[in-house]
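> here is a sequence with its predicted model. Questions after.
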Amino acid sequence: MCDESAEIPGSIRSVVTRRGVLAGAAALAGVGSMASAAEGASRSARRAPGRRFPGRPPVPPPVVVEGGPLLDPLTGDVVEDAVVVLAEGRVLAAGSRDATAAAVRQVSGRARTIDAAGGWILPGLIDVHVHVNALADAVGVLRAGATSIRSGTSNFYQDVAMRPLTRWKPGAVPRMRAAGVFVSPDLGDTVLADPDLAPLASLADGVRSPEALAYLTRVNLDRDVDVVKTRANPRAGIPEQDPLELVYDETQLRAVVDAARRGDAPVLCHAYSAEGCHGAVRAGIRSLEHGVFVTEETLDLMTRRGTYFTPTLGPILGLADSPNPILAQRGRDYGPVLKAAVLRAHELGIPVVAGTDTFGTATRSIGSEVRLIGETGVPALDALRGATTTAARLLGWEDRIGRLVPGHLADLVVIDGSPLDDLAAVERVQVVVAQGEVVRDDLAA
């Protein structure tokens, strides 16, 4: 089970058992015949009963951040010359000096104090679409201000493995909703991520049948993922691929959504074309990723279904600067269309959230995505909510992150300037506190 559950109530989900996965796979044509062999090598059979690490998770010392304006993204309220007290992984107090005086006395002599005068104090930011395949990737994302993320998949379940580090090594990685491996036709080396993926290597046409898609989704669930990632179209950033070609249609996507729903895992879907976007939303996805050519009809459906929109503006607009002429043309063609779609989605009340879609150590600040959302015409506070309160709601953590109020988790950033006046300020991160641990402090003398 995910160790994060000790911090975030409600995150524990009934996990699909290994035996249940194999029983469900028995109907697979060409796959079910191999299931019994996988059962014999199940991890549950190999795992030592009662295995438990003898130590206890560390608790970072208290932190007091004081002197800057404190913004609550939910209400838009600003407290000047504010104080935030973090202790035992939570917000102990936040507000004016008078309102926090008792909490400051409570941690006196034990706390690290950060003078945020001249900066603005915000809750830790949230990147809802980012790929972290190594600790170095996670460190870059964290130092850029994203204290919580939703994984956009990893190659070998690295996101699942990183998730408990938030308890055992606070400040090492962001809090994480893990997606596991991509539900996509061609797994490549990812087939080595779990022995139960081996049967899928026998499929001549790849993972395309509803049965195979459900099987792959169930393997992800058995690895205790929080969300499932799939696709309707190829990638836009590969010149040899046509991002408007249909990879999975509505029937195939529905097979993924239905299988994921049995494990209480929402689905995020990579899609560019009008047909791909519409089929994904009709299939019941939780969030539409990229969504360049989403139509008014699909946006209306998203409004009625409460589907979230993650436009990942940065990488798509950035294609225009590519030295590859095909990618550069895509950027010029796709950019204006996507920006218009983001503004229209906001006007319709669709929750627009911020995701950088970065890979590896080439980290793009989540603040840059907030700024780009604002540049479409979305008001500054709503753009900021896309990386705070609205994003927290998408992750199912709205009662724990996205605001600095007593009881919320100890994630915080200090930025250089007012985000209400200049969204570019969100890119100028000066301090990052994650899980109560100070991981960046550019203000230290």
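Great, that's in hand.
> surely Ala345 forms part of a helix?
Yes - with the criterion set as DSSP: H, G, I helix; E, B strand; the rest coil, the secondary structure at Ala345 is a helix.
> just give me the neighbour total for Pro195.
Applying other Cβ atoms under 10 Å, we find 14 residues neighbouring Pro195. All C-beta atoms are positioned from the backbone trio N, CA, C, and that covers glycine.
> measure it to Glu275 for me?
Shown here: Pro195 relative to Glu275, a distance of 36 Å by Cβ to Cβ, to the nearest Å.
> and if you look at Ala410?
44 Å.
> the helix or strand hosting Ala99: which residues count as buried?
In this structure, Ala99 sits in helix 97-106 according to DSSP states H and E. Burial within helix 97-106, assessed by neighbour count using 16 or more other Cβ atoms under 10 Å, is assigned to Thr100, Ala103, Val104.
> OK, contacts around the closest residue in space to Arg286 that isn't next to it in sequence?
In space, Arg286 comes closest to Pro266 once its chain neighbours are excluded; the distance is 3.4 Å by Cβ to Cβ, 6 or more residues apart in numbering. With contact taken as Cβ atoms under 8 Å, 6 or more residues apart in numbering, Pro266 is in contact with Val227, Val228, Ala260, Ile285, Arg286, Ser287.
> mind putting those residues into a markdown table with pLDDT and neighbour count?
Supplementary listing: the contacts of Pro266 in a markdown table, determined by pLDDT from 0 to 100; neighbours: other Cβ atoms under 10 Å:
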| residue | pLDDT | neighbour count |
| --- | --- | --- |
| Val227 | 98 | 25 |
| Val228 | 98 | 28 |
| Ala260 | 98 | 26 |
| Ile285 | 98 | 28 |
| Arg286 | 98 | 19 |
| Ser287 | 98 | 25 |
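> and the residues you listed, which two are furthest apart?
Using Cβ to Cβ, these span at most 12.6 Å, a distance reached by Ala260 and Ser287.
> and the pLDDT for Leu22?
Listed pLDDT for Leu22 reads 36.
> again but with Ala444, I slipped
pLDDT, the model's per-residue confidence, is 89 for Ala444.
> helix, strand or coil: sort out it for me.
Following three-state DSSP, Ala444 is assigned to coil.
> report the contact partners of Gly276.
Counting by Cβ under 8 Å, 6+ apart, the residues that Gly276 touches are Ala232, Asn233, Leu244, Leu246, Val247.
> for the residues you listed, pick the one with the most neighbours.
Of all these, the highest neighbour tally under other Cβ under 10 Å goes to Ala232, namely 30 neighbours.
> leaving out chain neighbours, which residue sits closest to that residue?
On the basis of Cβ to Cβ, 6+ apart, the spatially nearest residue to Ala232 that is not a chain neighbour turns out to be Gly276, at 3.1 Å.
> just the buried residues of the helix or strand containing the one you found, please?
Of the helices and strands defined by DSSP H and E, Gly276 is found in helix 274-283. Using 16+ other Cβ under 10 Å as the test for burial, helix 274-283 gives Ala274, Glu275, Gly276, Cys277, His278, Gly279, Ala280, Val281, Ala283.
> can you list the domains in this protein?
For the chain, automatic domain parsing gives the domain ranges 60-124+407-445, 125-401.
> so which of the ones you listed is the most packed in?
Each of the domains of the chain was assessed for mean neighbour count using mean count of other Cβ atoms under 10 Å. The highest is domain 125-401, with a mean of 21.
> so what's the gap between that one and the chain middle?
A distance of 8 Å separates the C-alpha centroid of domain 125-401 from that of its chain, computed with Cα atoms, centre = their mean, to the nearest Å.
> please renumber so the chain begins at 212
Understood, numbering begins at 212; the last thing we discussed is domain 336-612.
> how far does that domain stretch from one end to the other?
The first and last residues of domain 336-612 sit 9 Å apart, counting by Cα to Cα, to the nearest Å.
> can you tell me the SS state at Arg361?
Applying three-state DSSP: Arg361 is strand.
> that one against Arg388, yeah?
Yes - with the criterion set as Cβ atoms under 8 Å, Arg361 and Arg388 qualify as a contacting pair; they are 4.3 Å apart.
> check the gap between Leu631 and Leu592 for me.
Using Cβ to Cβ, which is the criterion applied here, Leu631 is 7 Å from Leu592.
> my bad, Arg555
Remark: distance between Arg555 and Leu592 (Cβ to Cβ) = 19 Å.
> repeat that for Asp460.
Here the distance between Asp460 and Leu592 works out to 38 Å (Cβ to Cβ).
> how far out from the middle of the chain is stretch 325-345?
Taking the mean C-alpha point of stretch 325-345 and that of its whole chain, the gap between them comes to 13 Å (Cα atoms, centre = their mean).
> residues in contact with stretch 290-298?
Judged by Cβ under 8 Å, 6+ apart, the contacts made with stretch 290-298 from elsewhere in the structure are 273-281, 302-308, 311, 314-315, 317-318, 322, 332, 615, 621, 623, 644, 647.
> where are the low-confidence patches of the stretch 212-361 of the chain?
Applying pLDDT under 70 to the predicted model, the residue ranges of the stretch 212-361 of the chain that meet it are 212-260.
> how about the strands in it?
Counting by DSSP state E, counting those that start in this stretch, the stretch 212-361 of the chain has strands at residues 274-277, 281-282, 289-290, 294-298, 301-306, 323-326, 331-334, 336-341, 357-362.
> for Thr601, find the nearest of these.
Across the strands of the stretch 212-361 of the chain, closest to Thr601 is strand 336-341 (Cβ to Cβ), at 8.9 Å.
> now Leu432. Nearest residue, chain neighbours left out?
In space, Leu432 comes closest to Gly474 once its chain neighbours are excluded; the distance is 3.7 Å by Cβ to Cβ, 6+ apart.
> low-scoring stretches of the stretch 362-511 of the chain, by residue?
Where the stretch 362-511 of the chain is concerned, nothing drops into low confidence, which here means pLDDT under 70.
> now tabulate the domains of the chain in JSON lines and tack on distance to Arg262.
Rendered in JSON lines, the data for those read as follows (distance: least, Cβ to Cβ, whole Å):
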{"stretch": "domain 271-335+618-656", "distance to Arg262": "24"}
{"stretch": "domain 336-612", "distance to Arg262": "14"}
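> pretty sure Gly306 sits against Asp283.
No - counting by Cβ under 8 Å, Gly306 sits too far from Asp283 to count as a contact (9.7 Å).
> phi, psi of the residue nearest to Arg497?
Backbone torsions for Pro477, taken as degrees, to the nearest 10, come to phi -70, psi 160.
> next one: it from Lys440, what distance?
10 Å.
> circling back to that earlier point, Arg263: which of the domains of the chain is closest?
Nearest to Arg263 among the domains of the chain is domain 336-612 (12.9 Å), distances taken as Cβ to Cβ.
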